[in-house]
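Engineer: Give me a model of this one.
(2 chains)
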2 protein chains.
Amino acid sequence: MDHALVHPGDRDKDAGDGAARKNSARKHLVGRAAAAPASLRRKEAGESRLNWSVLFRNFALNQRSLQVQIRQMIVAAIEERRLAGHARMPSSRELALSLGVARNTVVLAYRQLVDEGFLESRERSGYFVADLYRGDAASPVRTETRARSVSGPDWSDRFGLTPSRQRNIVKKLDWLRYPFPFLYGQFDPSLFPTNDWRESARGALSVLEIQNWARDLIDGDDPELIDQLRVHVLPRAGIFAPPEEIIVTVGAQQALFMLAQLFLRKNTRIGIEDPGYADARNIFGMISDRVVPLDVDLDGLVPSQEVAECEYVYVTPAHHCPTTVSMPLRRRERLLELARQNDVVIIEDGYESELSGESHGAPALRSLDADGRVVYIGSFSKILAPGLRIGYVVAPAPVARELRALRRLMLRHPPSNNQRAAALFLGLGHYKSHLRRVIHALNERAELVEAALERHLPRWNRLRGAGASSFWLEGPLSLDCLALAHEAEKRGVLIEPGDVFFMGEAPPRNFLRLGFASIARERIGAGIAALGQAARALGN
Amino acid sequence: MDHALVHPGDRDKDAGDGAARKNSARKHLVGRAAAAPASLRRKEAGESRLNWSVLFRNFALNQRSLQVQIRQMIVAAIEERRLAGHARMPSSRELALSLGVARNTVVLAYRQLVDEGFLESRERSGYFVADLYRGDAASPVRTETRARSVSGPDWSDRFGLTPSRQRNIVKKLDWLRYPFPFLYGQFDPSLFPTNDWRESARGALSVLEIQNWARDLIDGDDPELIDQLRVHVLPRAGIFAPPEEIIVTVGAQQALFMLAQLFLRKNTRIGIEDPGYADARNIFGMISDRVVPLDVDLDGLVPSQEVAECEYVYVTPAHHCPTTVSMPLRRRERLLELARQNDVVIIEDGYESELSGESHGAPALRSLDADGRVVYIGSFSKILAPGLRIGYVVAPAPVARELRALRRLMLRHPPSNNQRAAALFLGLGHYKSHLRRVIHALNERAELVEAALERHLPRWNRLRGAGASSFWLEGPLSLDCLALAHEAEKRGVLIEPGDVFFMGEAPPRNFLRLGFASIARERIGAGIAALGQAARALGN
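Structural biologist: Numbering: from 1, shown residues only, chains lettered A, B, ... in the order given. Prediction:
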């Protein structure tokens, strides 16, 4: 086939580079007649070796010692961590050929690099990069920034956003290594339903199931998961919604992010609880300049005049974040009434709602909402595992439609193998029994924490809503929670300073969150004792 | 513990509702002394029944027949699809108790609903909702929008974005049911490495591995996957990057979305190939008003003056989307030079780069980039399965830092169980062998497609870059690809009309994309024959 894809219309074949034909409505592929037809050239790309030429780009035959050059280039690539540990080096024959040097030159370079510890030689397999700089992407070990961006872009000027500068909750990634991790929302291996999840995940690996999930759902979700949410999960909070109003998300976080994208402009007035969820504040603050703090008391968000003045309000009625108090039914109704009268749209984060025992008492705002102004967000992170990243949002139909289109642009859909596994987990009844187990374990631990606090920090105020997986603590005014966190860490205790939950430039420093979802029963007493010591060491 | 979390500072206890204390830097939880301490109230929420009160909210004892009311409310909930098929109804005793009616009233209502087909009675298990309206969220079957939003918000006025109105690639979700699905980027069960993926996914389900992935990585990634990408995947395109420059994403789509968020403002000039990837156009167009079309020829993007005038350029050099042509090395170098001279930042989408045989010839722009102005995007969707949603981005360190912070806000991190499974898949050597198999199968199919096109549509121009999984076809000017798609569908043939890849109000209608990654060998000949019939039926 010698056709070139020439559009036989109004196109000037030589108009190539510079010509400005921007507004021509009909632009097509112009063919210079293809020298060799691109089609059906078969080069078995799968066989490809790795592309080493790039590493030796500056190699020059007429410079210093060839062997030294080779060594320098390899060492630079290893030290700049461009070459990964365990990476296999090209064979000496291959490299010699591509650089145009004698094979022995490469062999000598390799041997010396082995002597110096940069490479490892494995019999019959060749040479491999030694594992000098292994570590996860987040760890800053020996990362020299590469010198190569001498003439590169001035990035500071280019970012429309700089999310890295936001004030946020900081948790140690290596928290599992500490004896007393009092962290919120982390994962406790002893509570994870290993066998039940395995059964579900394996179920999703059958040939038939793979056919169901492996395809691109484009903007859809696994209908099985939507069904299971409607039958087993949402009705616990009193929510009965048709499938098209439910959208699965990559954790509750993605739901928040999408709602911010959809609802907010620069001057949109959105109210958030203060103290409140730091990530929500940061997400909304990325777009809106008018994120306003709203009062909170022991019944949660106060339905004040400030609420009435907002276009949107973000609220955590099941368990207020971070104090864990639940909003009573009467206040929920009052809040909805206020929203209706003032055309406020409510973003309800069902934060820990599975744990809150909500279904015995107050149903979700969304379920009480008579005119479709509440968007509900939920998650499996607290109950199952945060690493799975499964959340969902229940929204009025017009909102759901835009969310679906937005999600398509953002990432299409959350991984469908996990959606199917979660659907099986729910369908097999594991969710219900697992939930019971988690709540039991959390309450048991809470009693131990409470008793230990009473003993070691008796004068600190503490708060825990029914079923919550953390305490909210208030120390004396003289307490500096950041100093305490530092002092406690020395004793193997991790806590979450509370300042980050407050808005404003000078947040109070005498609060902290004490999560106990990821610490074993046996460790609780000693951990709180050590926390008490740390507080006393600071004079509190 | 009777402490209330009162901050003993400057707070007026009765300043409750209306008072404007917005700028008080120190706002804390105000306590009315809690009547009953919230802490340690144990209500075994896990035992919770579902919360039915919501469905019967408007039930009134003094209205018409109680039994009729109950039936009406249940029927309404089923017809509005608020009640899911297979949902278990509350027992008659339970419902009677909560509504304050005689049990027999409920029993009679339930029995009649069974007669009418709304409920099903299962012996000893109770009453269940019949499965009248089952279907996935996307299907519009019998969705009457609820009447309840009478006084609800006027949403049209509230959206900062309306992504649902964008022109986009539309694929049938039920394409598997068609005999001849010539679609791009879909999933072929016969090519999926079922056993190898199962081995990897099961490996990720060991107790030890679960501990590794189940926790919240916050803004991190699985270090094993990053390592495997550095050793087995990126070097194929000549990319050698340190771990902190690599970020895993929920498919390549999320990488694009994040880059748009980070780089673009309303007036940022960003160039895209025309024709080009519709999703990229839509993602950039959500933020920037200045998305400009750039010329493409048989060597891909033309390094023109228009390129030089852009702040950002999005380009698919491995296989241009949708034409599948590859950009030769010399043009890559020219493009980079132009970018350097004019401080253009390049977003390189390594679209099908695994298939393109790139590593034998031209390395990625990112690998040739001497001053850190190229951001590279890759994906496992084409090779493994789109449903898994695993992509990645390789960016200069300052960009990677912001991307990581942005991803944290957006969704924290892609599900870590899938990251670990993919790492095992790569580590066990499955990627390499699978890639070989896919490329072989695609080339085999391509020959069949080519031969069939030569036979049935000999006068249409066609294009396929080495290794590509689709053909780009140009019919006669009289061809209307939308009419053809419709006509072909009647014959069981699905194709992708090409108009959506072009910018502008009046895109050409005589192009189409013919993917063959999801059609079996045996079906190809008959499918193309049927496509030829459809074309002739339309007079082409």
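Engineer: Chain A - how does it break down into domains?
Structural biologist: Per automatic domain parsing, the structural domains of chain A span A:2-129, A:171-191+A:434-537, A:216-421.
Engineer: got the ones you listed as CSV, with mean neighbour count columns?
Structural biologist: Every residue, glycine included, has its C-beta placed from N, CA and C. Listed next are those as CSV, based on neighbours: other C-beta atoms under 10 Å in any protein chain shown:
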stretch, mean neighbour count
domain A:2-129, 16
domain A:171-191+A:434-537, 20
domain A:216-421, 23
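Engineer: can you list these in a markdown table and add mean pLDDT and distance to chain B?
Structural biologist: A markdown table is the format used below for the domains of chain A (pLDDT from 0 to 100; distance: least, C-beta to the nearest C-beta, whole Å):
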| stretch | mean pLDDT | distance to chain B |
| --- | --- | --- |
| domain A:2-129 | 66 | 3 |
| domain A:171-191+A:434-537 | 93 | 4 |
| domain A:216-421 | 92 | 3 |
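Engineer: how about a markdown table for the ones you listed, with distance to residue B:196 added?
Structural biologist: Listed next are those as a markdown table, based on distance: least, C-beta to C-beta, whole Å:
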| stretch | distance to residue B:196 |
| --- | --- |
| domain A:2-129 | 15 |
| domain A:171-191+A:434-537 | 27 |
| domain A:216-421 | 15 |
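Engineer: Residue A:162 is nearest to which of those?
Structural biologist: domain A:216-421 (9.7 Å; C-beta to C-beta).
Engineer: Which among the domains of chain A is found nearest to residue B:116?
Structural biologist: Nearest to residue B:116, of the domains of chain A and by C-beta to C-beta, is domain A:216-421 at 19.7 Å.
Engineer: Could you tell me the end-to-end distance of the closest one?
Structural biologist: Domain A:216-421 has an end-to-end distance of 17 Å (criterion: C-alpha to C-alpha, to the nearest Å).
Engineer: now swap in stretch A:295-306 and tell me
Structural biologist: Using C-alpha to C-alpha, one end of stretch A:295-306 lies 9 Å from the other.
Engineer: and that stretch, how far out from the chain's middle?
Structural biologist: How far stretch A:295-306 lies from its chain's middle: 29 Å, per C-alpha atoms, centre = their mean, to the nearest Å.
Engineer: Spell out the residue ranges of the helices in the stretch 101-250 of chain A.
Structural biologist: With DSSP state H, counting those that start in this stretch as the criterion, the stretch 101-250 of chain A has helices at A:103-115, A:194-203, A:207-213, A:223-228.
Engineer: residues touching the nearest residue to residue A:510 once chain neighbours are set aside, list them.
Structural biologist: Setting aside the residues directly before and after it, residue A:510 is nearest to residue A:479 in space (C-beta to C-beta, 6 or more residues apart in numbering or on different chains), at 4.1 Å. The neighbours of residue A:479, taking C-beta atoms under 8 Å, 6 or more residues apart in numbering or on different chains as the test, are A:509-510, A:535, A:538, A:540.
Engineer: From these, which land in helices?
Structural biologist: Under the assignment DSSP state H, the contacts of residue A:479 contribute residue A:535 to helices.
Engineer: a markdown table please, covering the contacts of residue A:479 and showing distance to residue B:387.
Structural biologist: Below are those laid out as a markdown table (distance: C-beta to C-beta, whole Å):
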| residue | distance to residue B:387 |
| --- | --- |
| A:509 | 47 |
| A:510 | 48 |
| A:535 | 50 |
| A:538 | 52 |
| A:540 | 53 |
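Engineer: ok, the contacts of residue A:479 vs residue B:250, which is closest?
Structural biologist: Among these, and counting by C-beta to C-beta, the member closest to residue B:250 is residue A:509, at 37.0 Å.
Engineer: hang on, that closest one packs against residue A:499?
Structural biologist: Yes - using C-beta atoms under 8 Å, residue A:509 is in contact with residue A:499, at 5.4 Å.
Engineer: tell me, what's touching those two both at once?
Structural biologist: Common neighbours of residue A:509 and residue A:499, counting by C-beta under 8 Å, 6+ apart, are A:481-482.
Engineer: ok, residue A:387 to residue A:319 distance?
Structural biologist: Computed with C-beta to C-beta, to the nearest Å, the distance linking residue A:387 and residue A:319 is 22 Å.
Engineer: unless I'm mixing things up, residue A:283 is touching residue A:255, no?
Structural biologist: No - in this structure, residue A:283 is not within contact of residue A:255 by C-beta under 8 Å, at 10.2 Å.
Engineer: Reformat the helices of the stretch 101-250 of chain A as TSV; add distance to residue A:187.
Structural biologist: Formatted as TSV, those follow (distance: least, C-beta to C-beta, whole Å):
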stretch	distance to residue A:187
helix A:103-115	41
helix A:194-203	12
helix A:207-213	24
helix A:223-228	21
